[in-house]
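1. After the sequence you'll find the predicted model.
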Amino acid sequence: MRTEVVGHGGVRLGLRVEGTGNSRPIVFVHGWAQSAGCWAAQLADPALTERFRLVAVDLRGHGASDVPVTGYDNPQVWADDLAAVLDFAGPDAIVVAWSYGGLVLTDHIRVHGTARLRGLVLVGAITEIGRDRPGGRVGALMREHMRAMLSDDPDIAVPALTAFSREMTARPVPGAQAQALLGASLSVPPSVRSALFHRDIGSEEVLAGIDKPTLVVHGSHDRVIDSAAAKHAIGKIPGAVGRWFLGGGHAPFAESAAEFDAVLRQFADEC
């Protein structure tokens, strides 16, 4: 099912919803220049949909959501957007946040605390952003293509986004999903792709104050987000547990969907 909620400033946020309406909610937050469609394998997994209510959001500027001109550098905006999604999903949600989505989740906790949350799953995620911030350290692939991917010139941006999408996974992804991931990146306006990096914010105190079960998932061959970001989160969040996907890249939920879903189900049960 597709629907929408209203986030900060009246911005419409597209949602994809699967599963039983009265079940425990799991909310999925995608990464930079992606969409809710990146969670296709999870939204189609009966082992998840028969037990949980799955809600995947298109962040502002992405997918089916509105594309406002401003607000991408404001923690309050991201915090309120996620709050609207959590209000829709229901109380005690587990939030699964991938890549830049980890920063959105951290913004929510920074502003609204953890009251709406049952647990957190950070997947190849950053929790802060800016020069020399360990929780936001990017990998070689991101550094290689960053400037070109932010270009307004399609002759520069499209090849870079294509190479980035192809190389961000270390294991094969089904062809249709691989193309969908690339299509999602191409659909995000260059102004939005760039605006998401116009921030500089640390999160050590936020992470140290998290009082909910936290699982940090990271591919051992992730070339988009450096493993230092995962280790930073594990070291700062009380009781956080790390789960390394050996040989995996930046998208374990797509590269190793069955294994990822099993890990997610186990974590949800333990929560």
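-> Okay, I see it. Numbering: from 1, shown residues only.

2. my read: Val55 touches Val29, true?
-> No. Between Val55 and Val29 there is no contact under C-beta atoms under 8 Å: 9.8 Å. The C-beta positions use only the backbone N, C-alpha and C, and glycine is treated the same way.

3. Show me where the stretch 1-150 of the chain has its strands.
-> Per DSSP state E, counting those that start in this stretch, the stretch 1-150 of the chain carries strands over the ranges 2-6, 12-19, 24-29, 52-57, 93-98, 117-123.

4. how about the ones you listed in CSV, adding mean pLDDT?
-> Putting the strands of the stretch 1-150 of the chain into CSV (pLDDT from 0 to 100) gives the following:
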stretch, mean pLDDT
strand 2-6, 98
strand 12-19, 97
strand 24-29, 98
strand 52-57, 98
strand 93-98, 98
strand 117-123, 98
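
5. In JSON lines: those, plus mean neighbour count and distance to Ala228.
-> As requested, those are arranged in JSON lines below (neighbours: other C-beta atoms under 10 Å; distance: least, C-beta to C-beta, whole Å):
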{"stretch": "strand 2-6", "mean neighbour count": "15", "distance to Ala228": "34"}
{"stretch": "strand 12-19", "mean neighbour count": "20", "distance to Ala228": "31"}
{"stretch": "strand 24-29", "mean neighbour count": "25", "distance to Ala228": "21"}
{"stretch": "strand 52-57", "mean neighbour count": "25", "distance to Ala228": "27"}
{"stretch": "strand 93-98", "mean neighbour count": "27", "distance to Ala228": "17"}
{"stretch": "strand 117-123", "mean neighbour count": "25", "distance to Ala228": "13"}
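
6. looking only at pLDDT, what's the mean for the strand or helix carrying Ala228?
-> With secondary structure defined by DSSP states H and E, Ala228 is part of helix 227-236. On average, the pLDDT along helix 227-236 is 98.

7. How about that helix, which residues are buried there?
-> The neighbour-count criterion (16 or more other C-beta atoms under 10 Å) identifies 227, 229-234, 236 as the buried residues of helix 227-236.

8. Can you tell me which of the residues you listed is nearest Tyr72?
-> The shortest separation between Tyr72 and any of the buried residues of helix 227-236 is 20.1 Å, and it belongs to Ala229 (by C-beta to C-beta).

9. which ones are touching the closest one?
-> 125-127, 134-137, 218 (C-beta atoms under 8 Å, 6 or more residues apart in numbering).

10. Any chance of CSV for those, columns distance to Gln76, neighbour count and pLDDT?
-> Output for these, formatted as CSV (distance: C-beta to C-beta, whole Å; neighbours: other C-beta atoms under 10 Å; pLDDT from 0 to 100):
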residue, distance to Gln76, neighbour count, pLDDT
Ala125, 20, 29, 98
Ile126, 19, 30, 98
Thr127, 17, 30, 98
Pro134, 24, 18, 97
Gly135, 20, 28, 98
Gly136, 19, 26, 98
Arg137, 25, 19, 98
His218, 28, 25, 98
